[in-house]
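Engineer: Make a model of this:
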Amino acid sequence: MVSEKTSLLPLGKIVEANERLKGVVMRTPLMENLNLSHKFRSKIRLKREDLQVVRSYKLRGAYNKMSQLDPEVARRGIVCASAGNHAQGVAFSCHALNISGKIFMPGTTPKQKVQKVQMFGQNRVEIVLVGDTYDEAYSAAMGDCAAHQKTFIHPFDDYEVMAGQGTVAMEILADSHEPIDFIFLAIGGGGLASGLGSYLKQLSPKTKIIGVEPAGAPAMHDSLKAKKLVTLDEIDKFVDGAAVQRVGIKTFEICKKVLDDMLLVPEGKVCSTILQLYNEEAIVAEPAGALAIAALDQYADKIKGKNVVCVVSGGNNDIMRTEEIKERSLLYEGLKHYFVIRFPQRAGALREFLVNVLGPDDDITHFEYTKKNNREAGPALVGIELNEANDFEALINRMKEYEVNYQHLNDSPDLFTLLV
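Structural biologist: Down below sits the predicted model:
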């Protein structure tokens, strides 16, 4: 339970969770990042939860909850619903605690993630692929709980889960030899923010806690703004570790007390940060793991000269997503543009476009065209990659100068999604 006096998790619960997790979770390093520190003229350290045994902090909460189950309750088994890191944490805990688990995952879950859950759980878990969304998997999981009197291990809206996540803050404070001015962390359902925030606000109250969500899934942001729980009708699921339609009832009440600000980051910016971390730091961060760092630009003036911690919450990034990450980054940076171009159906029309319109550093990376008989013009879907974002204006000016019949798709989200 939370403290009636402060509406925060009692420190004792987090301290007890830390004892239970000894020998189970890795004490992840708090590492200064020289590139980020130089860029923002501050001291920026990364809490590397991407190096955790299941490559995310989720093991902390799952194990803390499951290790306290009554023996009879544990004997009946547990159930969870997840398409990612929570499932891996639960599966690891099932094997470590010798508890049978049934893990419901959407049928659309990448095969790599399903295999990792099975690897961590081994013969203690049964994976059930059901439906196309998390909500359908959750509904099936709750039905199984009711039918067989099993315990549901919630990914965030549970005080014991929050207490486990709060041990991240214990390690940060123990390893930091100077006051922390700001902590940036990703928020999905709010479990990490609730646990970490409860600990810090009681032991380091001057530390500003900045929550970060993807712009396409602002569930906590909108709830805090409305001063009540908000359920989003639609979300962009790309940042899957932090994309929920509704945050927890319990986590919302705690986050109202502990969060000093909420920031939203475009998914394209997250992708640029993922690529930057890999290319410059050899850090493999999943989208949610890069969120905190991706938000630093928005606080550049405020963090100058300050001590800053960013929680890299996870590193379960599927290599199959690399092309999508690159694409989203290029679009966000203004380096990739798609057009529908109606070429005159005569010989040499494409050559004229290449010679007269395309700049010396511009590159056609996508081209789809089918010649239509008995028409004056044939539409082509053309993707152009620029060397610099400011080359775009010159490209458009040349299209107008040579009277190219074009439609820019980047500014038409519905048409872009349909065609690209």
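
Engineer: ok, now how distant is the closest residue to His95 other than its chain neighbours from Tyr57?
Structural biologist: Nearest non-adjacent residue to His95, counting by CB to CB, 6 or more residues apart in numbering: Arg124, 4.8 Å away. C-beta: built from backbone N, CA, C; applies to glycine. Arg124 is 22 Å from Tyr57, where distance means CB to CB, to the nearest Å.

Engineer: With neighbour numbers in mind, choose between these two.
Structural biologist: Comparing Arg124 with Tyr57 by other CB atoms under 10 Å, the one with more neighbours is Tyr57, at 29 against 18.

Engineer: Figure out how far the helix or strand in which Ser93 is found is from the centre of its chain.
Structural biologist: Using DSSP states H and E, Ser93 sits in helix 85-97. On the basis of CA atoms, centre = their mean, to the nearest Å, helix 85-97 sits 20 Å off its chain's mean C-alpha point.

Engineer: what residues does that helix touch?
Structural biologist: 24, 53-56, 58-63, 66-67, 74, 78, 80, 82, 99-101, 103, 105, 113, 116-118, 120-122, 124-125, 153, 155, 241, 314, 316 (CB atoms under 8 Å, 6 or more residues apart in numbering).

Engineer: Thought Leu51 was touching Leu314, still the case?
Structural biologist: Not quite, residue 314 is Gly, not Leu. No: counting by CB atoms under 8 Å, Gly314 does not reach Leu51; the two are 10.2 Å apart.

Engineer: Which one's more surrounded, those two?
Structural biologist: Using other CB under 10 Å, the more surrounded residue of Gly314 and Leu51 is Gly314, with 29 against 15.

Engineer: And the helices in the stretch 1-150 of the chain?
Structural biologist: Counting by DSSP state H, counting those that start in this stretch, the stretch 1-150 of the chain has helices at residues 11-21, 34-40, 58-66, 71-76, 85-97, 111-121, 134-148.

Engineer: among these, which is the most enclosed?
Structural biologist: Mean neighbour count (mean count of other CB atoms under 10 Å) peaks for helix 58-66 among those, with a mean of 29.

Engineer: average pLDDT across that one?
Structural biologist: Taken as a whole, helix 58-66 has a mean pLDDT of 98.

Engineer: same question, stretch 77-88
Structural biologist: Across stretch 77-88, pLDDT averages out at 92.

Engineer: what about it, start to end distance?
Structural biologist: End-to-end span of stretch 77-88 (CA to CA, to the nearest Å): 16 Å.

Engineer: How is Leu229 assigned, secondary-structure-wise?
Structural biologist: On the three-state scheme (DSSP: H, G, I helix; E, B strand; the rest coil), Leu229 is labelled coil.

Engineer: related to what we said a few turns ago, please identify which of the helices of the stretch 1-150 of the chain is closest to Met170.
Structural biologist: Checking the helices of the stretch 1-150 of the chain against Met170 by CB to CB gives helix 11-21 as the closest, at 5.4 Å.

Engineer: Work out the gap between that closest one and the centre of the chain.
Structural biologist: 26 Å.

Engineer: Report the buried residues of stretch 187-202.
Structural biologist: For stretch 187-202, burial by neighbour count (16 or more other CB atoms under 10 Å) applies to 187-202.

Engineer: Done for today, thanks.
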